[in-house]
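Q: From the sequence below, what's the structure:
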Amino acid sequence: DTERGQGLLREAVALDSTFAMAWRRLASTFVGSGRGREEQLRAIVKAYAFRERLSENERLLTEGTYWTYGPDPDVHRAIAAYEALVARDSSNQAALNNVSTLYGRVGDRKQGIATLERATRVPRPFGGAFTNLVQAYLSIGDTAGAERTMEAFKRRLPSNTTHWYGDVMVAAVHGRLDSA
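A: Residues are numbered from 1 along each chain as shown. Next up is the predicted model:
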């Protein structure tokens, strides 16, 4: 429940206006929603301002988020922050997923796919890594890669509720939407 989560995060920063991770998480709740850009900017700027209060991993995640969605985005600085975090913690889901999307933005699909492959093999992957990898494979015409990814997704996360999304993407390539 995004609205409830945003409310709790707003309460947290009202109690402690220097709570950098709450500010970062609040900013992240607006990504992809098409709304709240002004609040998102305010939140990520606050998180970035208080980043020195964070652990090294949290600081790098905050910097990656700031350089991705902040007031003056810089994809290369964002990539550097996420890669530094992955170097420290090779199973960090957020860093692996986020940097893979940034590689896609700069046209390095090969590195984006390699990073998503790593994200799907961590001990506790999340479904978005699999569906992003399906989409990445399909974007380069690798239907077999997408199908392998869906098989792995269903095997690794059998009760995940987003299998349908990957199934629809693969079925669409084959012209079989009615079977998805």
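Q: Now do the helices in the chain.
A: In the chain, the helices defined using DSSP state H lie at 2-15, 20-28, 37-49, 56-69, 75-88, 93-105, 109-120, 127-139, 143-156, 163-173.
Q: Okay, angle between the third one and helix 2-15 too, please.
A: Our comparison of helix 37-49 with helix 2-15, counting by axes from the mean of the first three to the mean of the last three CA atoms, to 10 degrees, yields an angle of 50 degrees.
Q: try the fourth one
A: Using the same axes, to 10 degrees, the direction of helix 56-69 lies 120 degrees away from that of helix 2-15.
Q: who's in contact with helix 56-69?
A: Contacts of helix 56-69 from elsewhere in the structure, counted by CB atoms under 8 Å, 6 or more residues apart in numbering, are 20-21, 24, 27-28, 31, 40-41, 44-45, 47-48, 51-52, 54, 73-75, 77-78, 81-82, 84-85, 88-89, 92, 94-95, 98-99, 102. All C-beta atoms are positioned from the backbone trio N, CA, C, and that covers glycine.
Q: Please pick the buried ones from those residues.
A: Among the contacts of helix 56-69, those that count as buried by neighbour count (16 or more other CB atoms under 10 Å) are 20-21, 24, 27-28, 40, 44, 47-48, 51, 54, 77-78, 81-82, 84-85, 89, 92, 94-95, 98-99, 102.
Q: still on that earlier bit, packed most tightly, which of the helices of the chain would that be?
A: Ranked by mean neighbour count, these are led by helix 20-28 with a mean of 23 (mean count of other CB atoms under 10 Å).
Q: Quick check: closest non-adjacent residue to residue 170.
A: Nearest residue to residue 170 in three dimensions, chain neighbours excluded: residue 146, at 5.4 Å (CB to CB, 6 or more residues apart in numbering).
Q: err, residue 36, not the other one
A: residue 30 (4.1 Å).
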